[in-house]
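J.: here's a sequence, model it:
(one chain, ligands or ions: 1)
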Amino acid sequence: MSALRLDRLLGNLGYGSRKDIQKMASAGWIVFDGALLKDASQRIPLSPDLPQRLTVRGKPMDPPPGLALMMHKPLGVTCSHKESGELVYDLLPDRWRQRDPAISTVGRLDKETSGLLLLTDDGALLHRIIAPKSHVAKRYRATLARPLKGDEAAVFAAGGLLLEGDDKPLLPAELEVLSPTEALLTLHEGRYHQVRRMFAAIGNHVDALHRDRIGGLDLPDDLPPGEWRIMGEADLAAVFG
Ligand code: URA
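T.: Prediction:
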């Protein structure tokens with residue numbers, strides 16, 4: 001098991017500078033395995049149960065690196081670290097903005113798309129989810145401006161559709177019609193505004209868009225818009241399952 005100095009560990013989680021952490025330790029704010037930890041240079045073993053063993057001012061320390069989250073992205077917030085307006089990162093605790101490695105979204109949803117969004121500080125995990133060879137499908141529920149004509153599922157399933165501005169045709173995608181103006185579309189790639197552009201290419205228009213599944217992981221019914229939770233092993237396995 002690897003270990004990290006307390007000042008480095010908490011510093012990387014945004015608790016402050018080395019000096020700040022030493023001050024916090026000297027003030028008796030840090031408890032490890034039930035004992036006061038006064039020396040910030042002490043090395044802490046990085047066990048998975050660390051947040052249960054180390055408290056800062058009586059609260060479990062923030063989750064150490066290797067973090068994966070699922071969020072119910074609400075409408076109107078942007079998947080970006082630097083654009084103006086409300087950002088998905090604003091929905092996380094303030095201190096988490098200072099984390100190193102930083103937390104990033106796994107791919108993006110448009111500002112006006114809601115639904116399941118994954119975030120992680122683990123670059124290898126991020127690439128594993130978005131790499132085409134991982135075959136992690138994404139499912140969207142689209143509400144359309146005009147009734148479906150009936151041939152859309154076959155057109156999307158055939159693949160080969162060329163979207164405006166793209167030089168590579170689309171992979172096959174599955175459309176399940178729910179009502180004349182509502183359908184589930186499952187994609188096996190992730191291009192810019194893909195769902196909206198696919199429906200535009202066949203003469204329709206997406207009025208509302210919501211992602212309800214990534215791989216085999218469904219957006220939980222009890223996760224309301226704007227809320228998030230830490231993913232466990234089972235959630236991660238479901239993404240790839
Ligand atoms: N396709 C879109 O058009 N928008 C999204 O946010 C995701 C997929």
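J.: what pLDDT does the model give the residue nearest to R57 when sequence neighbours are not counted?
T.: Using C-beta to C-beta, 6 or more residues apart in numbering and skipping residues adjacent in sequence, the residue nearest R57 is W29, 4.9 Å away. C-beta here means a position set from N, CA and C on the backbone, and glycine is covered the same way. Predicted confidence (pLDDT) at W29: the value is 98.
J.: same check, this time on the one 5 residues further on
T.: Looking at G34, its pLDDT is 96.
J.: and it, its phi and psi?
T.: G34 adopts backbone torsions of phi 80, psi 0, taken as degrees, to the nearest 10.
J.: distance of it relative to L54?
T.: 10 Å (C-beta to C-beta, to the nearest Å).
J.: circling back to that earlier point, burial measure for the residue nearest to R57, as a count.
T.: By other C-beta atoms under 10 Å, 17 other residues sit near W29.
J.: do Q194 as well
T.: Residues lying near Q194 (other C-beta under 10 Å) number 18.
J.: cool, and H188?
T.: Using other C-beta under 10 Å, H188 is surrounded by 15 other residues.
J.: so it sits against K133, correct?
T.: No - counting by C-beta atoms under 8 Å, H188 sits too far from K133 to count as a contact (11.1 Å).
J.: buried set for stretch 219-226?
T.: Neighbour-count burial for stretch 219-226, counted by 16 or more other C-beta atoms under 10 Å, picks out L219, G226.
J.: just say helix, strand or coil for V195.
T.: State at V195, reduced to three classes by DSSP: H, G, I helix; E, B strand; the rest coil: helix.
J.: quick one: pLDDT of it?
T.: Note on V195: pLDDT of 98.
J.: L185 versus that one, what's the distance?
T.: Distance, V195 to L185, by C-beta to C-beta: 6 Å.
J.: any shared contact partners between the two?
T.: Taking C-beta atoms under 8 Å, 6 or more residues apart in numbering as the contact rule, the neighbours common to V195 and L185 are Y140, A142.
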